[in-house]
Structures are given as C-alpha cells and as structure tokens.
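Undergrad: Got a predicted structure plus its sequence, pasted below:
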There are 2 protein chains.
Amino acid sequence: MSNNWNMNKATSEAAILSISLDRSSKIPLQTQLSHALRELVHTSRLRSGARLPSSRNLAQELGVSRVTTTAVYEQLVAEGYLEGRRGSGVFIAADLPSLPVRTAKDGSPDSRQTLPLNDPLVPFDVGFPDLETFPYREWTRIHDRIWRAPNAGILGRPPAMGFGPLRTAIAQHLNEWRGIQCSPGQIVVTSGLVEAVELISKAAFAAGDTVLVEDPGHQVMANALAGSGVTCNPVRVDAQGFNLSSGEQAHLCASAVAVTPSRQYPLGMTLSLTRRLELLDWAKNCDGFILEDDYDGEFRYQGQPLPAMMSLDDSERVIYIGSFSKVMFPALRLGYMIVPYRLQKNVAAILGRIGPKAALHAQPVLAEFIASGSFATHIRRMRRLYAERQKALLNALHTHASGLLSADPETSGMHLVAELGPGLAGRMSDVEVSARAHEAGLRLAPLSNFYFGPAARQGLVMGYAAFPPQALSDGVIRLVAALCD
Amino acid sequence: MSNNWNMNKATSEAAILSISLDRSSKIPLQTQLSHALRELVHTSRLRSGARLPSSRNLAQELGVSRVTTTAVYEQLVAEGYLEGRRGSGVFIAADLPSLPVRTAKDGSPDSRQTLPLNDPLVPFDVGFPDLETFPYREWTRIHDRIWRAPNAGILGRPPAMGFGPLRTAIAQHLNEWRGIQCSPGQIVVTSGLVEAVELISKAAFAAGDTVLVEDPGHQVMANALAGSGVTCNPVRVDAQGFNLSSGEQAHLCASAVAVTPSRQYPLGMTLSLTRRLELLDWAKNCDGFILEDDYDGEFRYQGQPLPAMMSLDDSERVIYIGSFSKVMFPALRLGYMIVPYRLQKNVAAILGRIGPKAALHAQPVLAEFIASGSFATHIRRMRRLYAERQKALLNALHTHASGLLSADPETSGMHLVAELGPGLAGRMSDVEVSARAHEAGLRLAPLSNFYFGPAARQGLVMGYAAFPPQALSDGVIRLVAALCD
C-alpha cells in the first residue's frame, strides 16, 4: 500500500510536471490547466487517490498565480474529478469510476479543418433560379431597415404558423396572381416542400396509409412521404398528366394523391381541366386529399397559368404547396402551404408540439419584399429571362446537338426534357449520357432516375433558368464533345 | 332542343352582360375577364354548349380591345373551358364535366385580412434570451456585407450538412469553450432540436424503438421522438439528474437515452461525473446512443461548464445537440448537432433524400459573427446579465413573495424553478397558480406540466433571461396580487 502510494506519488508528480501551458494562446491559462488535469485523469496518468500538490506549490511549479490554481481545483472538485480531504490536501477522487481511456486511434479530430464553400452551379443543374439578377441590394436594404433596430412585433414569440404579415402578403399574391381565394389564416410558412409534406402526413395520414404519386415524379416528394411512414404508390403519367384510372384501382384505398398540376415534374405537361375535376371528384367520394405541388407555377411565359386545383376545390380537399426558394434564391429556404379549414386545427396542434422549422429571420423581410411589389417585378423579369434562356437552350441543341438530343419548346418552367436522338438512342442510355456529362463537368439528370420502376422513356432533364445563353450554348458544345469521344 | 338552345343563349347573354371590369384595379383587364368567365362556368351560369359572342362583339360590349378578348378566348380554350368550332364560333366546352358549384357557404375567404405581429414576451416566459442587448447593428452590418453582392461560394448549391465555414466556426468554438474535440465534418447545421432529433431517429432508430427520456423533462424532445415513431420511456430524475438504475430495467431494451447533462431541463441540476460515466458504459455495453441536449450549456455564471458527455465519449455513442436560438435570438432558428463518425454516412444519406431544413441565408452571417469574436463577446455579456437578472428575480421573490414562492440560486441557466411556499402549498396547485398568472398577463409554466406521469413535485418554471430587473420585480408583485385576490 505504501509502495503503491509512493509509486502513485512519483507518477503523479511526473504527470504534473508534464503539463505545459501555452502563454501565447488565446485560451486562458485556467482553461488550459483544468483541461490538462482532466486529460491526465482520462488517460490514467493520474489515478484515484493520487495526491496533488497544494495550490500554492502547483502555482509555483507552473509559474501561474495562485488564484488560477485555486480556481481550477475548485472547478475540478465541483466536477467530481478531485476531492479535498480536510487538512490533508487535494486528491484524485476515490470513487472515480474507471474512466474511458481515450486513445487517438484515428488521430484527434482537427476542429480547425477548413470546409469548402458551396459548390458552384454548373449547366444544366435543375431547380435553380437565376442567381445573378436577384435584387440583393433591395433585399439587404429591407433586411437592414427591419433588423438594425428590430421592434417588439418582430422580436416577440415567433408564431408557429409563420409571421402574420408574411401570411397576408402570400394570400394576397396568390389571389391576384393565381386566382386562389384563401384567407391568410390558412397559410402556413414552412422551410419548404419536405416540411409541408411531413406536417400534412402527421395531420392527415396514419402510418401505412397509401398516397398515389406521379411516375415519373418528384423523388423528394416521395422521399418525404416515405420518411413520414406513408406508402407511396406510383401511378404512370400519360400525355395529359396524372391519370387516376391508370392506377389499377390503387386509388380505391389511397388516402391522398400528390400531383404537380400546373407543370408535371419533370415531364412538363399541364394537367387538363377534365383530369383536375376527376381528381377532385375522387377526393370528395373517397374522403381523400390532394397535395397540389405548384413548384414552378409562377413561371409561365405565354398565356396565364391554369387555375390552381385549390381554386376549383369546394370541399376542402386540396392542400396547395408553394416555394420561394425557386422564385427568389435557394438560400432562403422558405415555402408555404395553404391548409383547408378542416385540417387547420390538426396542423396547428402539431406545430404547437414540435414547433416550426422555418426561421422567422427572413420572414419580415420577405413580407415587405412582396408587399412593396418587388416580388411581382422580379417574377415578371424572370419570366422574360427564362423564356429567352429556354430559346437559347433549344437553339443550342438544334445547332450543336442535332441528331443527338432534341427538345420541344414549353410555355413555362425552368427546365426541358431532351429526348435522345437517333445518334444516341440504342447506343447509350440516359444514365450513361449523364455519367459522360458529369465527367465533362456538367450535370444532366437522366429521366430514368425520375421513374420509380423501369423507365418508360429515356431523356435528360436540363435546367436552363440559372444559366446565361452563352453558358447554355457552351454547355451543349462541351456535352456533345463528351458524347462523341 | 332548340328551346333549350334559345334559353341557353338568353341566359348566357345575360351572364356575359353581368361581367363588370374594374378599370381602376391593378389587375389587368385580361385577367379580370378570364377570371369572370371561369366564374360564370363554375357557378353554372354558363353551361356546356353555350355559345359565346365573337371576340369582336365581346370587345365592343365590354369596351376593351379585341386583343384582350382574343387572348382570353385562347387562354380558356387552352384550359379546356371553351372550344372553338371551325366557322361557327366559340362555345363552352361540350365535354366539360359537371363543375363543382362553388357556394359562399362560410363567406369568401378574405385574402387581405390582417394578422397580428408576434406576441410580445411577458414575464416569466421560458427559453428566451435577452432580446434587447443583441448587437443587431453588427449583425446587419455583416449581413449587408455578405448579401449585397453575394459571391458564388455562397450562391452555389447549398450543402446538405450546412455552410462549410459555419461548421468550422462551430467546431472551433466548441473546442475552445466546451472542451469538445470534433472535426467540422461531424457538424450538421439544423433548424433546431426537433430537426436534429428527427434526423437521428431516421438514422439510428427503427419504428417502435424505445428511447429513455428524463421525467420531468423537455416535452419538445419527447414530442419530436414520438413524432418520429419512437416510443419514449420516461425515467425519473433524482437529485443527481438522470438515473439509469431507476429505469426499472427499461434501459435493457432501449436504443438511446436523451439527457440534458449540463443543466437538467427543467430542474437545473448538473449530471454528476459518475452518472455520466455510467451512461457511457451503458451505451457501450448495450449498443445504445446518448442524445446530449446542451440547451443552455453556454450560460454558466460561476466556474466553467462541466465537460460535455461528448468529450468523455471514446466509443462514438454521443450525439451532441446545441442551439443558437437560445444564445442569440430565437428568430434565427439555427442549431447544430455533432454526429459520431459511425452515424455520419446515414445522416448524410437522409439529408440527401429529404434535404436540410435550416436556411442557408443566415449561415454565412453567423459564421462571420462567430469567427470575428462577436459571438464570444455576446456570450460573456449575457452571462453577466443573466447572473444579475437571476439575482433580481431571487430578490423579488424574497421581498414580495415570501411564504408564497421561493427559489434557490443556480450557477447557470435562464430560468429558475420556484417552490410553492406554505402560503400556497395545499391551497393551490402549480397549474392553478399558472392559470391565475395567465389572467394577470404573466406566463409561468407549472412544473407538473413537465412530468409525463403524475407530478412528483409542484413548482413554477420562471424564465428571467429576457427581462430587466424592474420587469422581473414588477412581475412578481403582479403575480402576488393575482394569487392573493
């Protein structure tokens, strides 16, 4: 025992002599010392019962003030590492359970490691608006006015359904631009499509319920539904869009249908009025819901957008889901949904339990951006810009990729689906085209990735909204070079 | 049939004459006209087969240009409302399915309805930092510099795990302030606790798995777990915090334990080192995880915070969850978690499928706020401020509520738990005290609401961080008046 004690004493003296403090560091000496002592315990170089030098001696040894060593000892006593025995000094705690021995098996993680900035967009990234022409100065001007000395109306308890004035601004915009009659109280501000789907799933579906989704369709929508415990039943899209009757009676037991009526994602057709009314009938008769994902309904270049399904709905069956990230800039990550009255209570109760995910921070800024008319101006500019860019992409395909890839003009949207021409079809799948493009520093999504089962069509989904005509044309030339290698 | 036709004709003429356009409106005449015609169809005032005036006649009748009426007819043909029969004019579509008759049963929703601004905070709201002293000017200055002309590194594809430089800034801060060794690659930026719990549930738990939670405890944590399909098993907290052995063997089959080690929520005790090591042993032996919710670990006024469980963990069992909303301002809605290497792949895959929920918008601003040292300065100021406010609340209770409510000083945190004194105990439950306070315009959370089963203790959770000493003292006086009525 006394031998042990002596050994312990020698070892612990050596251990303490090994402590080195870095006087040039920003980290206070007190922090460095307590950290070093804890490490000696964790690595078993100081063991239970080992006696430590008095705070005065330790201060002398390390060349620090006694205030520092006393504070560290008090701290470590409070933490349970040390114990003071009246009159006999300070010891490593006797009842210290065997501490994990920390080994640097894969090296200590380096907290200063630098991570890259965001990946730049490359043609033909899908789902991105133009990022150059957004009026950022206007945005920062509004942000500055609101946040440099924020008032209580903005600093108070963030409301679960979203910032009041933003909900009003959205309802008015939808009324004027999309013919949707809804009250601001029906609007829920979200962090995007996925949160909207998760909330609806909790409010309206039970685990194992079936939701019909479009095939090909929006994988993120299906992932969000599946992640919420809902079974997705893919239904083939035909030339008119989602076709209830091709669902092989699947609709008889479905709880909902998730559709993109204003522009089918990714194929681009508009769901006809007949089909819309069929769907509404189904919902009414089968007690089902319709998730109307209007992901790029704002970007119609010719004519006006078709009326949203929500504006045809007289039986509170439609949940309308919209996004600002695609109309403004993706860093915003704000969207919204319009909830029919019958679901409002449920959705509010769920938000009360788990809270919203959309940050309030940008919401007053966005509310003013909409109310001031800047939002409408921006949409009009983007419509013209995207129409030009679509033309530029079509021209580039026609000029440089004739026989390889071709696409038809569309009256709306932010991407086109290009078909494989005779020079590629049979020679290469869309997945292979995409892989070749990737090697050339381009991104093209193969259409077959949007199918849940075997792909009925091959093609390439090409985003154009984020790229100036020259970049689109250069991209097509690089793509053709990559395909002809 | 011909009678029908004539009747139809008369009715449709009347219907069309009823259209009135508002020339002073911001809404274009073309939009107004197409909307009016659709409404006539929806309300069955124009029925299938009804013939419409020629575009020239309609233009004359309404006093608009023929360009307008032609565009509207083309639009409505495209939408399926109208059909043109070669040589014989324009008709309401024959195959128009019976349209829903829209009745204004509960009045048309009013899209212009004004919603209130955020509810102001009132004493003793829990979980709010001080909102007055945050350096908003510094914040808007950084926001302005970054966003007035954002560079490609910020505008590119938002990374699923969060903005790179923010992840590095968080890792460095945790290393210096909390002794946590982690690499920035382990950090996931979230929209807060709930998203972190939802991601972990998807990555590490199966539906029906059991997670042990503290009782009393954080209801939002339990709600997030339950909402993810996990079964929460409440375990009573004792004087040392979470007690694994009081779990009645429940821990034998649990997948994880969710704890608040640095300051038990809401009771406030610090989990002892022995208990921390016990928990880590359990996790290692039973292949379980530990969710370490460090919700206000930054706000320790005396001594240094105890080492986080994550910094004791050598077997990749701890997931550390932190928040910025409580340290900075709640509108930010940004938090983070540190994911052990073994879960990183799973979490990344889930984020790839459903995307992140934290907006990128504020992330570069926060990264610079931390890297510039403003964050550390703010925390230091808040520590002093909250220590003063806690003292003010204790004084106010002592001076004005003696015999009714009493609380002990704490070395950290943003709230206190007040016990019911002899003047209240037995006379009134904490729920009744809370109801009386609510009537007096105050908010006090009854401690019994934090229990999952019957409450073992009565008390009132009183937030003080957001309120100046005078407001706290006034609040206590109003509270006492409400209780003595």
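TA: Arrived safely, thanks for sending.
Undergrad: roughly how far apart are the spatially most central residue of chain A and chain B?
TA: Geometric centre of chain A, nearest residue: residue A:333, 7.0 Å, by Cα atoms, centre = their mean. Going from residue A:333 to chain B by Cβ to the nearest Cβ, to the nearest Å gives 4 Å. C-betas here are computed from N, CA, C, even on glycine.
Undergrad: Same question for residue A:438.
TA: 14 Å.
Undergrad: Equivalent analysis for residue A:404, please.
TA: From residue A:404 over to chain B the distance is 27 Å, taken as Cβ to the nearest Cβ.
Undergrad: Likewise for residue A:22?
TA: Relative to chain B, residue A:22 is positioned 13 Å away (Cβ to the nearest Cβ).
Undergrad: Got the confidence number for the closest residue in space to that residue that isn't next to it in sequence?
TA: Residue nearest to residue A:22 in three dimensions, not counting chain neighbours: residue A:32, with 6.6 Å by Cβ to Cβ, 6 or more residues apart in numbering or on different chains. Note on residue A:32: pLDDT of 82.
Undergrad: so how many other residues sit close to residue A:32?
TA: Neighbourhood size, residue A:32 [other Cβ atoms under 10 Å in any protein chain shown]: 20.
Undergrad: same question, residue A:23
TA: Residue A:23 is flanked by 9 other residues according to other Cβ under 10 Å.
Undergrad: Quick one: the strands in the stretch 1-150 of chain A, in order.
TA: Assigned strands in the stretch 1-150 of chain A, in chain order: A:51-52, A:82-85, A:89-92 (criterion: DSSP state E, counting those that start in this stretch).
Undergrad: close to chain B, is stretch A:446-460?
TA: No. Under the criterion of Cβ under 8 Å from any Cβ of the partner chain, stretch A:446-460 makes no contact with chain B; the nearest approach is 13.1 Å.
Undergrad: That stretch: which residues count as buried?
TA: When burial is assessed from 16 or more other Cβ atoms under 10 Å in any protein chain shown, stretch A:446-460 yields the following buried residues: A:446, A:447, A:448, A:450, A:451, A:452, A:455, A:458, A:459, A:460.
Undergrad: Let's see the distance spanning that stretch from one end to the other.
TA: 5 Å (Cα to Cα, to the nearest Å).
Undergrad: quick revisit: how about the residue nearest to the centre of chain A, what does it touch?
TA: A:191, A:192, A:325, A:358, B:158, B:356, B:357, B:358, B:359, B:360, B:361 (Cβ atoms under 8 Å, 6 or more residues apart in numbering or on different chains).
Undergrad: cutoff 7 Å now
TA: Going by Cβ atoms under 7 Å, 6 or more residues apart in numbering or on different chains, residue A:333 touches A:191, A:192, A:325, B:359, B:360.
Undergrad: Tell me how far residue A:444 lies from chain B.
TA: As for residue A:444, its distance to chain B is 15 Å (criterion: Cβ to the nearest Cβ).
Undergrad: Please work out how many residues are found near that residue.
TA: The local packing of residue A:444 (other Cβ under 10 Å) involves 26 other residues.
Undergrad: Poorly predicted segments of chain A, please.
TA: A:1-12, A:14, A:26, A:43-44, A:96-108, A:247-251, A:302-306 (pLDDT under 70).
Undergrad: before we move on, the earlier item: so who does the residue nearest to residue A:22 touch?
TA: Residue A:32 neighbours (Cβ under 7 Å, 6+ apart): A:21, A:22, A:25.
Undergrad: who does the helix or strand harbouring residue A:189 pair up with?
TA: Assigned by DSSP states H and E, residue A:189 falls within strand A:187-190. Partners of strand A:187-190 in the sheet, by DSSP bridges, are strand A:335-338 (antiparallel).
Undergrad: In the following helix or strand past the strand it pairs with, which of the residues would be classed as buried?
TA: Next along the chain after strand A:335-338, taking DSSP H and E as the criterion, comes helix A:341-354. Neighbour-count burial for helix A:341-354, with 16+ other Cβ under 10 Å as criterion, is recorded at A:343, A:344, A:347, A:348, A:350, A:351, A:353, A:354.
Undergrad: which among those residues are in contact with chain B?
TA: By Cβ under 7 Å from any Cβ of the partner chain, the members of the buried residues of helix A:341-354 lying near chain B are A:353, A:354.
Undergrad: Export the buried residues of helix A:341-354 as JSON lines, with columns for distance to residue A:309.
TA: Below are those laid out as JSON lines (distance: Cβ to Cβ, whole Å):
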{"residue": "A:343", "distance to residue A:309": "16"}
{"residue": "A:344", "distance to residue A:309": "18"}
{"residue": "A:347", "distance to residue A:309": "19"}
{"residue": "A:348", "distance to residue A:309": "23"}
{"residue": "A:350", "distance to residue A:309": "24"}
{"residue": "A:351", "distance to residue A:309": "24"}
{"residue": "A:353", "distance to residue A:309": "29"}
{"residue": "A:354", "distance to residue A:309": "28"}
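Undergrad: Going along the chain, name the strands of the stretch 251-400 of chain A.
TA: Counting by DSSP E, counting those that start in this stretch, the stretch 251-400 of chain A has strands at residues A:256-259, A:289-293, A:318-323, A:335-338.
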